[in-house]
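Undergrad: What follows is a protein structure lacking sequence information:
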Ligand SMILES: [Mn+2]
């Protein structure tokens, strides 16, 4: 048999799913963390004849053909591909990958770790505990506090850290001192970021009288965007938050404000209350930001955001100061 390969998502659910696979069938020769759009590239690197496990990752139309081709190559050369996911799949995607020789287990009734446990299957007691913790966070039900701890633990570092986290979660025995220590560091760091956000955020308004709270985020801690935005909207009592970064901007909103159309207008997308877009700022503004002079880039980003919000009339009564 060839190499044992585990391909999983980067979040707690993905890490837990990988730990359940590794703890059940044996340690992986290769452990790869990926986002769904990277799957074609990831599959292209898997050697012939490998024993492949994919978890907590969906497939999507644009890469379906490429991935199916790679699956066929792996299976035709004596390998196996077992794929576990809990996102929504089109019938055709399942059919296509099955035709290529993969075993597909899609179940939207649990989290990714839960799908692995159910269909691999893995019935050990520690697996049940880990699934409970992972699902708690991944399905937004928050019925197992250990999930909140583990999510912060897993999110502490990059790829190498997550690789360690997978090994740590094999045979999961609860929240120990080591995990607590890391969580304490993460929480302290998050509080610092939130405090800085409140101190540095500004209220901006467009010529049309649209008001929003805006903040320039230097570091790319995307997972905090929603927390920061929600905190700022509450603190400043506005319904739209604009989070600017060097290469992107995020919108968050509350009440009945729809920011998805504004994001779409500038080439992005998202949901009514959480959307974003990539930015392509003028070079000089970008360069100044690297020298620590962020004002010009920030102002440009805010103008792009406000303009898009106004042009899509994200909420009519936000414009009342001018019209009425
Ligand atoms: Mn998941």
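TA: Okay, I see it. A quick note: this is a predicted structure, and the numbers were derived from the prediction, not measured.
Undergrad: what about the helices in the stretch 1-150 of the chain?
TA: Remark: helices assigned in the stretch 1-150 of the chain by DSSP state H, counting those that start in this stretch are 12-25, 39-44, 61-76, 91-99, 112-119, 125-138, 145-154.
Undergrad: what residues does the shortest one touch?
TA: Residues lying outside helix 39-44 but in contact with it, judged by Cβ atoms under 8 Å, 6 or more residues apart in numbering, are 7, 32, 34, 54, 57, 59, 63, 66-67, 70-71, 74. C-beta here means a position set from N, CA and C on the backbone, and glycine is covered the same way.
Undergrad: quick one: which of the residues you listed is nearest to residue 111?
TA: Nearest to residue 111 among those: residue 57, at 12.7 Å, using Cβ to Cβ.
Undergrad: so can I have TSV of the contacts of helix 39-44 showing neighbour count?
TA: Shown next, in TSV, are those (neighbours: other Cβ atoms under 10 Å):
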residue	neighbour count
7	25
32	19
34	18
54	32
57	23
59	25
63	17
66	14
67	25
70	22
71	25
74	25
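Undergrad: residues contacting the residue nearest to residue 309 when sequence neighbours are not counted?
TA: Excluding its sequence neighbours, the residue lying closest to residue 309 (Cβ to Cβ, 6 or more residues apart in numbering) is residue 262, at 4.6 Å. Residue 262 makes contact with 251, 275, 305, 308-309, 311-312, 314, according to Cβ under 8 Å, 6+ apart.
Undergrad: gap between residue 41 and the ion?
TA: Residue 41 sits 21 Å away from the ion, going by Cβ to the ion, to the nearest Å.
Undergrad: sorry, that was for residue 138
TA: Residue 138 sits 4 Å away from the ion, going by Cβ to the ion.
Undergrad: was I right about that residue contacting residue 9?
TA: No: under the criterion of Cβ atoms under 8 Å, residue 138 makes no contact with residue 9, lying 9.5 Å away.
Undergrad: After the helix or strand hosting residue 215, which helix or strand is next? Please name it.
TA: Residue 215 belongs to strand 211-216 when assigned by DSSP states H and E. Going down the chain from strand 211-216, the next helix or strand is helix 225-236, by DSSP H and E.
Undergrad: what about that following helix, distance to the chain center?
TA: When distances are taken as Cα atoms, centre = their mean, to the nearest Å, helix 225-236 is centred 19 Å away from the chain's centroid.
Undergrad: in that helix, what's buried?
TA: 225, 228-229, 231-233, 236 (16 or more other Cβ atoms under 10 Å).
Undergrad: pLDDT and distance to the ion added to the residues you listed, as TSV?
TA: Output for these, formatted as TSV (pLDDT from 0 to 100; distance: Cβ to the ion, whole Å):
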residue	pLDDT	distance to the ion
225	89	19
228	93	23
229	95	22
231	95	25
232	96	28
233	97	27
236	96	33
